[in-house]
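> okay, structure incoming, though there's no sequence with it:
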């Protein structure tokens, strides 16, 4: 919980979480004397729109308090492939570079290719291709002006939210970190304040934060079958990125094949998870163990990817 003697001080603190609260408050014409003030904010600065809700209570002595905030977005898993002559992974990479909430300011001709390829997938006669097109449209067009123009599938199975406590102790989770948690990332944080205390991993589970003890991530990285083992600088960058909740894109050697994908921290199992470019989890530990058990001159067959 945070407490402030006046609303301006409360707005100053909340601004540290990553949103321009003073601008938002002035635009919304907020009545600062209300017993409860609810701020509902749609942030279109990401590749996907994110909805935030902040609740501030005014006590009888005039103090303002706030306990937490809520972040919500669509998390749409897509297993990519080649359909109707289109590499859907490459299509999504290009769609991800567009801020779709700002669609009206783009030149329509520059975005025409995306609509044409989505339509090509839908009309291919392949149900998997149609499903991918629907998911891509939902993922990037929801909560934008395009939602009013184009038919989108039901969003309810993909809505994901998280309640984030705020403490004003220098170690709060800001809105950028909340988005990374919703996308499946894990944060390496201190239990206490910003500069001291015991390290732990924080992850979203069922809409709330779940805390797990720290483990030796660098040792786990050394066990992974990288195509090219990271040097000290690359290892440092990898550890820093994973600790900030980001995925790390790389390639592993699996069953004598190069598999591209991303690494995620899985603190509940004290390990790292690898997902290939199709979004499928690859059991790299199993392949490492199989390779270690191989006898010279004899190969072993393992499960397919």
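Arrived safely. Just so it is clear, the model here is predicted, and its values are computed rather than measured. Numbers count the residues shown, from 1 in each chain.
> point out where the stretch 51-200 of the chain drops to low pLDDT.
The stretch 51-200 of the chain contains residues with pLDDT under 70 at 192-196.
> show me the strands in it, by range?
64-66, 68-74, 82-83, 86-87, 159-165, 186-190, 199-205 (DSSP state E, counting those that start in this stretch).
> so for residue 17, which of the ones you listed sits nearest?
For those, proximity to residue 17 was assessed by CB to CB; strand 68-74 is nearest, at 7.4 Å. From N, CA and C alone the C-beta is placed, and that goes for glycine too.
> show me what contacts residue 199?
Counting by CB atoms under 8 Å, 6 or more residues apart in numbering, residue 199 makes contact with 188, 189, 190, 191, 214.
> if we use 6 Å, what do you get?
By CB atoms under 6 Å, 6 or more residues apart in numbering, residue 199 lies in contact with residue 214.
> could you do residue 190 as well?
Here residue 190 is in contact with 171, 197 (criterion: CB under 6 Å, 6+ apart).
> the same query, at a cut-off of 10 Å, please.
By CB atoms under 10 Å, 6 or more residues apart in numbering, residue 190 lies in contact with 169, 170, 171, 196, 197, 198, 199, 200.
> go on, residue 123?
84, 129, 130, 133.
> which of those lies closest to residue 274?
Closest approach between those and residue 274, by CB to CB: residue 129, at 26.1 Å.
> would you list the strands of the stretch 51-200 of the chain in CSV and tack on distance to residue 55?
As requested, the strands of the stretch 51-200 of the chain are exported to CSV (distance: least, CB to CB, whole Å):
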stretch, distance to residue 55
strand 64-66, 7
strand 68-74, 8
strand 82-83, 44
strand 86-87, 44
strand 159-165, 11
strand 186-190, 23
strand 199-205, 19
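> out of the ones you listed, which is closest to residue 138?
Closest among the strands of the stretch 51-200 of the chain, using CB to CB: strand 68-74, at 6.6 Å.
> each with direction, which strands does that closest one pair with?
strand 50-58 (antiparallel), strand 159-165 (antiparallel) (DSSP bridges).
> wait, which of those strands is closest to residue 178?
strand 159-165 (5.4 Å).
> need the residues that contact the closest one.
If you take CB under 10 Å, 6+ apart as the criterion, strand 159-165 is touched by 1-2, 17, 51-53, 67-76, 142, 172-175, 177-179, 181-184, 202, 204-209.
> tell me the buried residues in it?
160, 161, 162, 164 (16 or more other CB atoms under 10 Å).
> for the residue nearest to residue 268 when sequence neighbours are not counted, the count of nearby residues, please.
Counting by CB to CB, 6 or more residues apart in numbering, residue 212 is the residue found nearest to residue 268 once chain neighbours are left out, at 5.9 Å. Neighbour count for residue 212, taken as other CB atoms under 10 Å: 17.
> and residue 212, helix, strand or coil?
strand (DSSP: H, G, I helix; E, B strand; the rest coil).
> pretty sure it sits against residue 204.
No: the criterion here is CB atoms under 10 Å, and residue 212 misses it with residue 204 at 11.9 Å.
> any idea how far residue 236 is from residue 39?
Using CB to CB, to the nearest Å, residue 236 is found at 38 Å from residue 39.
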